[in-house]
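Student: the sequence and its predicted three-dimensional model are supplied below.
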Amino acid sequence: MKVVRLYMNNRLRNFNYIIGCEQTQQAIALDPMDGEAVIAAAKAKGWQIKLIINTHEHHDHIEGNPVVQQATGAAIWASEHAMTKIPNVAKGLVANEIIELGSMVFKVLPTPGHTPVHVCLLSLSEDTPKLFSGDTLFNACAGNCFNGGDVDQMYESFQRELLPLPDNTLLYPGHDYMKNNLAFSLAWEPSNEQAKYWQVAVDNLTPESMPLMTLGQERQYNPFLRLTNKEIIQGLQSHCDPLVKSPREVFRALRAQRDQW
Ligand SMILES: [Zn+2]
């Protein structure tokens, strides 16, 4: 399996992914926004796009669907709950469904929160799992919930689907927000050495050259994966709500703060 990451160079800083099987040259276009760019990148690799998969229904994750579908004939798959929200979905994916294409194997993780129909894809065909997290888990942050989402569902998706994943899981998020998110991490946990290290390390990098991070690394600086951290909890108690204590309350309070960041 090989992953091509395309940066969209737009205000929303989207990443598009083309995931190819190097044995069969079959590929998946994940959340295509710029259909022409996705088609060109697949062509450059000699890949045939067989499937379009959308993590959720927001326009910046589906608007390349028609162009890619017209050029390749690829079917569009998305959550079973997205079939009325995304045009031309041919197959509704159910929780824990296994998707196979060539030698590639993925599991569908139901991760409502950013929107009610959101799914993540987890690759299972290699020693290093790859998590295509859409707008659920970002580098150093969680996705927002203010465009049809629900913060409690997001918290539960994190606990149920993401926390159990192994540390070596590579993260492929839907947007490049890492620099801004690390500043948010440090605002709530100023003593976090890993957040400081990565803030310096990525400062001069372009979005195209941002590093791929593992879940183990994310656990070290992503506040939404550090819900029992004393410094974060004490900061939220003194600046927001003295009663914030449980992991769910911390998650909610952090997300509310991030909305105003
Ligand atoms: Zn979105």
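Tutor: On my side now, so go ahead.
Student: quick one: residues contacting the residue of the stretch 151-261 of the chain found nearest the ion.
Tutor: Residue of the stretch 151-261 of the chain nearest the ion, by CB to the ion: Gly174 (6.8 Å). Every residue, glycine included, has its C-beta placed from N, CA and C. Gly174 makes contact with 14-15, 31, 55, 61, 133-135, 138, according to CB atoms under 8 Å, 6 or more residues apart in numbering.
Student: please redo it, this time with the cut-off set to 7 Å
Tutor: Counting by CB atoms under 7 Å, 6 or more residues apart in numbering, Gly174 makes contact with 14-15, 31, 55, 61, 133-135.
Student: what of Glu57?
Tutor: Taking CB under 7 Å, 6+ apart, we find Glu57 in contact with 82, 85-86, 115, 117.
Student: name the nearest residue to it, sequence neighbours excluded.
Tutor: Leaving out its chain neighbours, the residue that sits closest to Glu57 by CB to CB, 6 or more residues apart in numbering is Lys85, at 4.0 Å.
Student: where's the one you found, which helix or strand?
Tutor: Per DSSP states H and E, Lys85 falls between elements, in no helix or strand.
Student: again with Leu131
Tutor: Element membership of Leu131, judged by DSSP H and E, is strand 130-134.
Student: and Ile49, by the same measure?
Tutor: Using DSSP H and E, the element containing Ile49 is strand 48-53.
Student: which parts of the stretch 1-150 of the chain are strands?
Tutor: For the stretch 1-150 of the chain, the strands defined by DSSP state E, counting those that start in this stretch cover 2-7, 15-20, 26-30, 48-53, 75-79, 89-93, 98-101, 104-110, 119-123, 130-134, 137-138, 141-142.
Student: just put those strands in a markdown table and tack on mean pLDDT and mean neighbour count.
Tutor: Shown next, in a markdown table, are the strands of the stretch 1-150 of the chain (pLDDT from 0 to 100; neighbours: other CB atoms under 10 Å):
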| stretch | mean pLDDT | mean neighbour count |
| --- | --- | --- |
| strand 2-7 | 97 | 16 |
| strand 15-20 | 98 | 24 |
| strand 26-30 | 98 | 26 |
| strand 48-53 | 98 | 23 |
| strand 75-79 | 98 | 23 |
| strand 89-93 | 98 | 18 |
| strand 98-101 | 98 | 14 |
| strand 104-110 | 98 | 20 |
| strand 119-123 | 98 | 23 |
| strand 130-134 | 98 | 25 |
| strand 137-138 | 98 | 26 |
| strand 141-142 | 98 | 26 |
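Student: now distance to Gln194 too, for these, in CSV please.
Tutor: Shown next, in CSV, are those (distance: least, CB to CB, whole Å):
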stretch, distance to Gln194
strand 2-7, 23
strand 15-20, 22
strand 26-30, 28
strand 48-53, 32
strand 75-79, 33
strand 89-93, 34
strand 98-101, 33
strand 104-110, 25
strand 119-123, 23
strand 130-134, 19
strand 137-138, 16
strand 141-142, 15
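Student: for the ion, find the nearest of the ones you listed.
Tutor: strand 130-134 (7.1 Å).
Student: give me the helices and strands touching the closest one, please.
Tutor: For strand 130-134, the packing partners by 3 or more CB pairs under 7 Å, 6 or more residues apart in numbering; DSSP states H and E come out as strand 119-123, strand 170-173.
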